[in-house]
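K.L.:
could you look at this predicted model? Sequence included:
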Amino acid sequence: MNKLQELIDKLCPNGVKYKKIKDFTKVLRGKRLTTRDIVENGKYPIYHGGIIPIGYYNDNNRVANTVMIINVGASAGTVGYCEEDFWASDGCFCIEKNEIINDKFLYYYLQMNEKNLKSKVRKAGIPTLDNKVVENLSIPIPPIEIQFEVVNILDKLEEYIYCLKKELNLRENAYVAIMYPLLKKENFEKFDILENYCYFEKGKTPIQKNNPGVYPLVATTEYLQTSDNYQFDCETVCLPLISARGHGVASITRIFFQSGKFALGNILCAIIPKDNQIKAEFLRNYLFYYKDILLVPLMRGGANVALTIDSLRKVQIPIPSIEQQENIIGKIRKFQEIISKETGLPVEIEKRQKQYEYYRDKLLSFKEVEVNE
């Protein structure tokens, strides 16, 4: 960043001019296409109401490296930047290119102010952002050399985060891929029903009325909560009894392995191995991998779809040797540690995202000088 400071000291030591968007360029509204216009193998992405393409079309009305702002729907106020030619529907505004401002610089500045844009979305009926809100946004216009240097720094930070996310995606796919060869039923000779090897006990902690404390609380959420008391002190499989989706749809999203002293929410069931013939962590991995085959079909109910402990008792599980179980646990755990949202790559991504936002805000905060017209 020394180069950037040198440029600022040389080119604009007293600050920079700010201009409203309408004073140096135009805010262009896109043109709507009908569903009949969408082409399955079209050449150009179509954007409408979000920064993810809704389909493709054989023509474009905007060129690559254009800043867009979603103006309608749940994503109204979201800032995007498209690096290829595209079709802008009337669900997004595009900022017309202008020689005094670098498009990526403008994108980063608007992205920094996205919260402010979203606060000005009209919420009545369909959320809508008025074009005058965008036209009247005040933008710093430092010398173009400074804009390029800011973009260069932020691009590198964004690229690093992108690489981390790509690595996480690869690891998540590898985690899923490794489960089958390790847990396929052909690997196991002996099967038996759960009740012959495990105890079952329903959680006792009311999740909504729980008092936070020093003990982990396993609930249905992705992250552990805390409780002022504990129910178990052992290695346990924690299985939600209520459908993750509700509304009459049977679904299980998460199954937990927990050890030590912990509390369990009252809509979950603890499955506790009786002896050393089955390890809780192996059992968790097996039940999670086969949940849609073994567990989801057992769920019953209308609006509130749920499992019963009695229905779990007869679920068939493999009983491999402890050595085989530990080998499977070790291989799967390596991937779980990498993709863990508490200790793995997601934590690093979150830190880098905060670092990126800190530097972005710092780099784009320019002292304003008054313009004497």
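P.N.:
Nice, I can see it. In this text the structure is predicted, and so the values were computed from the model without any measurement.
K.L.:
how many residues are close by Gln325?
P.N.:
As a burial measure, Gln325 scores 20 neighbours (other C-beta atoms under 10 Å). Placement of C-beta: from N, CA and C, glycine included.
K.L.:
and it, how far from Asp233?
P.N.:
From Gln325 over to Asp233 the distance is 22 Å, taken as C-beta to C-beta, to the nearest Å.
K.L.:
just Ala124 next, same as before
P.N.:
Distance, Ala124 to Asp233, using C-beta to C-beta: 54 Å.
K.L.:
the more surrounded of those two?
P.N.:
In this view Ala124 and Asp233 are compared by other C-beta under 10 Å, and Asp233 has more residues nearby, 11 against 6.
K.L.:
could you point out which element follows the host helix or strand of Pro181?
P.N.:
Here Pro181 sits within helix 144-183, counting by DSSP states H and E. Reading on from helix 144-183 to the C-terminus, the next helix or strand found by DSSP H and E is strand 191-193.
K.L.:
neighbouring strands - and their directions - for that next one?
P.N.:
strand 316-318 (antiparallel) (DSSP bridges).
K.L.:
show me the chain divided up by domain.
P.N.:
The record's domain parsing of the chain by automatic domain parsing lists 17-141, 154-189+323-362, 190-319.
K.L.:
of all these, which lies closest to Leu4?
P.N.:
Closest approach to Leu4 among those (C-beta to C-beta): domain 154-189+323-362, 10.4 Å.
K.L.:
okay, helices next: where are they in the protein?
P.N.:
2-11, 103-112, 114-119, 131-135, 144-183, 280-289, 291-294, 309-313, 322-339, 345-363 (DSSP state H).
K.L.:
I'd like the ones you listed as CSV, with distance to Thr253 appended.
P.N.:
As requested, those are exported to CSV (distance: least, C-beta to C-beta, whole Å):
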stretch, distance to Thr253
helix 2-11, 45
helix 103-112, 31
helix 114-119, 29
helix 131-135, 38
helix 144-183, 15
helix 280-289, 10
helix 291-294, 9
helix 309-313, 17
helix 322-339, 15
helix 345-363, 17
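K.L.:
tabulate the ones you listed (CSV), appending mean pLDDT and distance to Gly248.
P.N.:
Below are these laid out as CSV (pLDDT from 0 to 100; distance: least, C-beta to C-beta, whole Å):
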stretch, mean pLDDT, distance to Gly248
helix 2-11, 91, 57
helix 103-112, 97, 40
helix 114-119, 94, 34
helix 131-135, 96, 41
helix 144-183, 94, 28
helix 280-289, 97, 23
helix 291-294, 96, 17
helix 309-313, 95, 18
helix 322-339, 94, 31
helix 345-363, 94, 32
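K.L.:
Arg62 is nearest to which of these?
P.N.:
The closest of the helices of the chain to Arg62 is helix 103-112. By C-beta to C-beta, the value is 11.3 Å.
K.L.:
and the closest one, C-alpha only, in PDB?
P.N.:
Extracted as PDB, the C-alpha positions of helix 103-112 are listed here (Å, rounded to 0.1, in the frame of the first residue of the first chain):
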ATOM      1  CA  ASP A 103     -15.600   0.400 -13.500                       C
ATOM      2  CA  LYS A 104     -14.100  -2.000 -10.900                       C
ATOM      3  CA  PHE A 105     -13.300   1.000  -8.600                       C
ATOM      4  CA  LEU A 106     -16.900   2.100  -8.800                       C
ATOM      5  CA  TYR A 107     -18.000  -1.500  -8.100                       C
ATOM      6  CA  TYR A 108     -15.900  -1.700  -4.900                       C
ATOM      7  CA  TYR A 109     -17.100   1.700  -3.700                       C
ATOM      8  CA  LEU A 110     -20.800   0.800  -4.300                       C
ATOM      9  CA  GLN A 111     -20.300  -2.700  -2.700                       C
ATOM     10  CA  MET A 112     -18.900  -0.900   0.400                       C
END
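K.L.:
mind starting the numbering at 45 from now?
P.N.:
Got it, the first residue is 45 from now on, which makes the last one we talked about helix 147-156.
K.L.:
name the residues that touch it?
P.N.:
With C-beta atoms under 8 Å, 6 or more residues apart in numbering as the test, helix 147-156 has contacts from 109-111, 113, 123, 125, 139, 141, 161, 181, 183-184, 191-192, 194-195, 198-199, 404-405, 408.
K.L.:
same thing but 6 Å
P.N.:
Asn109, Val111, Val123, Tyr125, Gln191, Val194, Val195, Leu198, Arg404, Asp405, Leu408 (C-beta atoms under 6 Å, 6 or more residues apart in numbering).
K.L.:
ok, now stretch 82-98?
P.N.:
99-102, 104, 116-117, 119, 122, 124, 129-133, 135-136.
K.L.:
equivalent analysis for stretch 130-142, please.
P.N.:
Taking C-beta under 6 Å, 6+ apart as the rule, stretch 130-142 contacts 68-74, 76-77, 88-93, 101, 104-106, 110-116, 178.
K.L.:
what mean pLDDT does that stretch have?
P.N.:
Across stretch 130-142, pLDDT averages out at 95.
K.L.:
equivalent analysis for stretch 99-116, please.
P.N.:
Mean per-residue pLDDT for stretch 99-116: 95.
K.L.:
give the buried residues for that stretch.
P.N.:
99-101, 104-106, 110-116 (16 or more other C-beta atoms under 10 Å).
K.L.:
returning to that earlier point: okay, the domains of the chain in a markdown table with distance to Glu414 next?
P.N.:
Putting the domains of the chain into a markdown table (distance: least, C-beta to C-beta, whole Å) gives the following:
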| stretch | distance to Glu414 |
| --- | --- |
| domain 61-185 | 9 |
| domain 198-233+367-406 | 23 |
| domain 234-363 | 49 |
